[in-house]
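> Sequence first, predicted model second:
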Amino acid sequence: MADSSKSTTPRARRREALHQALVSVLGPDRAHTAIGLWEKLAAERGRMTVIELVNELAGPLQMDEGERHGLRMALYKSLDAAPMQPGAAPPSKPTMAPTPPAFVVFQSMGESILKGMKLAPNPGWYDFTQLLTKHLPLATSAVVRRWAIEGANLDALMSLAPPDYAAVIHGLYITACEAVGPVAADRLLTHAVSTAGALPEAAQFPPNRLL
């Protein structure tokens, strides 16, 4: 009698969930390649976040930003729905890790500045949107514009590397200076630092590290 326990192990369930997500976005051939890469990375690194995994797969599989976003969403959905052995407690998600404190602080500061700019008297917000990419590093401008102006979700923003965070905050501040003046921009930045500083994550990553 065949031993069916292998198919119900957490690793097997995880592998099947990953395979389903990969096939749905990349197709069977690229999904097969991606599974091989995942197994190699898992052996070398152990625990990885979904974002880290997709970033590692993107280069070898020549994934565009749309495929990266689609794969991240498919992975989250598949891992959440991965079947469990009857009677077993829900397994932990070994591919998921807490959001890094640096990103939480960066996100808070950026959203605070953007919220303040959207409330600025006309034509402040319009001028801000026209000037924004001028003051951002080239590698970040498309992603930040989609997040700040076009309302893209945080998935796109999380593709940025931590060394980019300070440059993006600086770009938002300089753009605000041009759009509404340095006094108003200073108020926005001060409020952003204060808001982020109240977060628990600020104990590990103080907001002034992004200034």
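Sure thing, it's come through.

> So, low pLDDT: which residues of the protein?
Judged by pLDDT under 70, the chain has its weakly predicted residues at 1-11, 14, 45-48, 65, 79-98, 151-156.

> Could you break it into its assigned domains?
Partitioning the chain according to automatic domain parsing yields domains covering residues 5-81, 101-210.

> Adding mean neighbour count, write the ones you listed out as TSV.
To be clear about C-beta, it is placed using only N, CA and C from the backbone, and glycine gets the same treatment. What follows is the domains of the chain, written out as TSV (neighbours: other C-beta atoms under 10 Å):
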stretch	mean neighbour count
domain 5-81	16
domain 101-210	17
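
> ok, now which ones touch residue 149?
The contact partners of residue 149, taken as C-beta atoms under 8 Å, 6 or more residues apart in numbering, are 129, 132.

> Can you give me the separation between it and residue 133?
Distance, residue 149 to residue 133, using C-beta to C-beta, to the nearest Å: 9 Å.

> Spatially central residue (nearest the centroid) of this structure, please.
With distances taken as C-alpha atoms, centre = their mean, the residue of the chain nearest its centroid is residue 158 (2.1 Å).

> what residues are up against the closest residue in space to that one that isn't next to it in sequence?
In space, not counting the residues next to it along the chain, residue 158 is nearest to residue 51; the distance is 5.3 Å by C-beta to C-beta, 6 or more residues apart in numbering. For residue 51, the residues meeting the contact criterion (C-beta under 8 Å, 6+ apart) are 72, 158, 159.

> okay if I get the residues you listed as a markdown table plus secondary structure?
Supplementary listing: the contacts of residue 51 in a markdown table, determined by DSSP: H, G, I helix; E, B strand; the rest coil:
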| residue | secondary structure |
| --- | --- |
| 72 | helix |
| 158 | coil |
| 159 | coil |
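
> Let's have those in TSV, adding distance to residue 39.
What follows is the contacts of residue 51, written out as TSV (distance: C-beta to C-beta, whole Å):
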residue	distance to residue 39
72	19
158	24
159	23
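
> Please identify which of these is nearest to residue 197.
Ranking the contacts of residue 51 by separation from residue 197, with C-beta to C-beta as the measure, puts residue 158 on top at 21.7 Å.
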